[in-house]
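Visitor: Fold the following.
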Amino acid sequence: MTEYNAAHIQVLEGAAAVRRRPGMYIGSTGARGLHHLLYEALDPAADAVLQGRASRIEVTLTADGGARISHDGRPDDNLPEQLTRFWTPPRQTGLRVHLTRFGTGLFVVSALSVRLEAVEHRDGLAVHHTYARGELLTPPTETGATDRTGTTITFHPDPEIFETVAFDYSTLADQLRELALLNRELDFTLVDERAAPPRTERFHHLAGLVDFTTRLGGDPADTLTVEAEDDRMGGTLDIALSWTGRGGVHCYANSLRTSDGTHLTGFRAGLRAALLPRLGRHALRTLFGELTAVVSVKLDDPDYRGCIRETLGNHPVHACTAEAVQHAVEAWLAEHPERAAELAGAGR
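Guide: Residues are numbered from 1 along each chain as shown. Sure thing, here's the model as predicted:
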């Protein structure tokens, strides 16, 4: 019998650890993990827009099978560090980051790519640096003058890691559309250079969640919106509610889709408190089956529960959401007595 001791333990660090167990960082090595890799590269650009440091993002599926993500904001000062080791950005007081994924960041994108090129435009100069499987190949090098600002990340997923390295246009379009609907500040352009001629689509929704509920079947003319910021839950609340459409209730926390949680229970509790005294139990039950709603909270410290983080657990969110929904619905009913009477009659 072979004795097992400390000498048999192999300690992996950095890119080697990511490449040995990629599923720990992006969920899988199949198509889902491949697209998650792109989302990790996308998130810093989206954060730059949400923080007011950039205005537009372009996502390009290149003809040679790679992906390119560009934004027009000032580059981060420590991009090479982010691409060569795990890096946690310092918390900035009063600044809320609205996106959440696994949070593994650009280093995992670099480690799982056979090649990654970064181009930074700042202070009148273009600076290039390249990486392979998480290791620096070419240090930041000034390559010429530029008249703009921005960062471009181009990467090619490693076929030794992924079961497929072919990005699906429809999957990416759906994700960008959803992010743009949840965050009206985001302005995406998706380009597919693999198509002939290249395919281009823009995702920018200034109406935000009203556009979202409309896509789900709701009536924009019959939609109630709730927007609130509450320090008790450490974040903001954004809701669109259409009384028709039968689209159901769709919930998000920091733009991550959730199936359950305190934002959903708070939404239902607020509706119940506002409607039950006016409509009655039967009408309320009927109305719950008819409505279309999107509930989106953006929190400083989201507490996700479940193995795939599908449930939001922040307790203060329930009360804050319930109060905001109750007050907004009560005000809407008072302003629209004829529509309120129709809702009450629909459940009889």
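Visitor: Show me which positions of the helix or strand of the chain with the lowest mean pLDDT end up buried.
Guide: When each helix and strand of the chain is scored by mean pLDDT, DSSP states H and E, helix 337-346 comes last, with a mean of 83. Neighbour-count burial for helix 337-346 flags Ala340, Leu343, Ala344 (criterion: 16 or more other Cβ atoms under 10 Å). Heads up, the C-betas are built off the backbone N, CA and C, glycines and all.
Visitor: pretty sure the second one contacts Trp243?
Guide: Right, Leu343. Yes. With contact defined as Cβ atoms under 8 Å, Leu343 reaches Trp243; the gap is 6.3 Å.
Visitor: okay, and the common contacts of these two?
Guide: Residues touching both Leu343 and Trp243 (Cβ atoms under 8 Å, 6 or more residues apart in numbering) are Leu287.
Visitor: Now do the SS call for Glu117.
Guide: strand (DSSP: H, G, I helix; E, B strand; the rest coil).
Visitor: thinking again about what came up before, nearest to His318, out of the buried residues of helix 337-346: which one, please.
Guide: Minimum distance to His318 across the buried residues of helix 337-346 is 24.5 Å, recorded for Leu343 (Cβ to Cβ).
Visitor: Hmm, Arg257 is touching Cys251, no?
Guide: Yes. Counting by Cβ under 8 Å, Arg257 touches Cys251, with 7.5 Å between them.
Visitor: Which one of these two is surrounded by more residues?
Guide: Neighbour comparison, Arg257 and Cys251: the larger count goes to Cys251, with 24 against 12 (by other Cβ atoms under 10 Å).
Visitor: Put the alpha carbons of the helix or strand hosting that one into CSV.
Guide: Under the criterion of DSSP states H and E, Cys251 resides in strand 248-253. Only the C-alpha atoms of strand 248-253 are listed here, as CSV (Å, rounded to 0.1, in the frame of the first residue of the first chain):
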residue,chain,number,x,y,z
GLY,A,248,-45.0,36.7,-15.1
VAL,A,249,-42.6,38.3,-12.7
HIS,A,250,-38.9,38.4,-13.7
CYS,A,251,-36.4,39.2,-10.9
TYR,A,252,-32.8,40.4,-11.1
ALA,A,253,-30.1,41.3,-8.5
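Visitor: Check which helices and strands it is in contact with.
Guide: With contacts taken as 3 or more Cβ pairs under 8 Å, 6 or more residues apart in numbering; DSSP states H and E, strand 248-253 sits against strand 256-258, strand 260-261, helix 262-279, strand 292-299.
Visitor: Got the phi and psi for Pro139?
Guide: When read as degrees, to the nearest 10, the backbone of Pro139 gives phi -70, psi 160.
Visitor: out of everything not next to it in sequence, what's closest to it?
Guide: Distances taken as Cβ to Cβ, 6 or more residues apart in numbering place His129 nearest to Pro139, at 6.0 Å, with adjacent residues excluded.
Visitor: what residues are up against the one you found?
Guide: Contacts for His129 were tallied using Cβ under 8 Å, 6+ apart; they are Leu79, Pro80, Leu83, Glu117, Ala118, Leu136, Thr138, Pro139, Pro140, Thr141.
Visitor: Can you tell me which of the buried residues of helix 337-346 is closest to Asp168?
Guide: Leu343 (41.1 Å).
Visitor: Tell me who's in contact with the closest one.
Guide: Counting by Cβ under 8 Å, 6+ apart, Leu343 touches Trp243, Leu275, Leu279, Ala283, Leu287.
Visitor: Equivalent analysis for Glu185, please.
Guide: By Cβ under 8 Å, 6+ apart, Glu185 lies in contact with Val49, Leu50.
Visitor: so where's this structure uncertain?
Guide: Within the chain, the segments meeting pLDDT under 70 span 1-13, 88-103, 346-348.
Visitor: and whichever strand or helix holds Gly144, what other elements does it pack with?
Guide: Taking DSSP H and E as the definition, one finds Gly144 inside strand 135-145. Contacts defined by 3+ Cβ pairs under 8 Å, 6+ apart place strand 135-145 against helix 79-84, strand 125-132.
Visitor: distance between it and the chain's centre?
Guide: Distance of strand 135-145 from its chain centroid, counting by Cα atoms, centre = their mean, to the nearest Å, is 30 Å.
Visitor: got it, and stretch 119-133?
Guide: 26 Å.
Visitor: One more: stretch 38-55?
Guide: Centre-to-centre, stretch 38-55 and its host chain are 10 Å apart (Cα atoms, centre = their mean).
Visitor: which residues sit against that stretch?
Guide: Residues from elsewhere that reach stretch 38-55 (Cβ under 8 Å, 6+ apart): 26, 56-57, 59, 67, 69-74, 76, 82, 95, 97-99, 101-102, 104-106, 108-109, 150-151, 153, 155, 167, 172, 175, 179, 183, 185-187.
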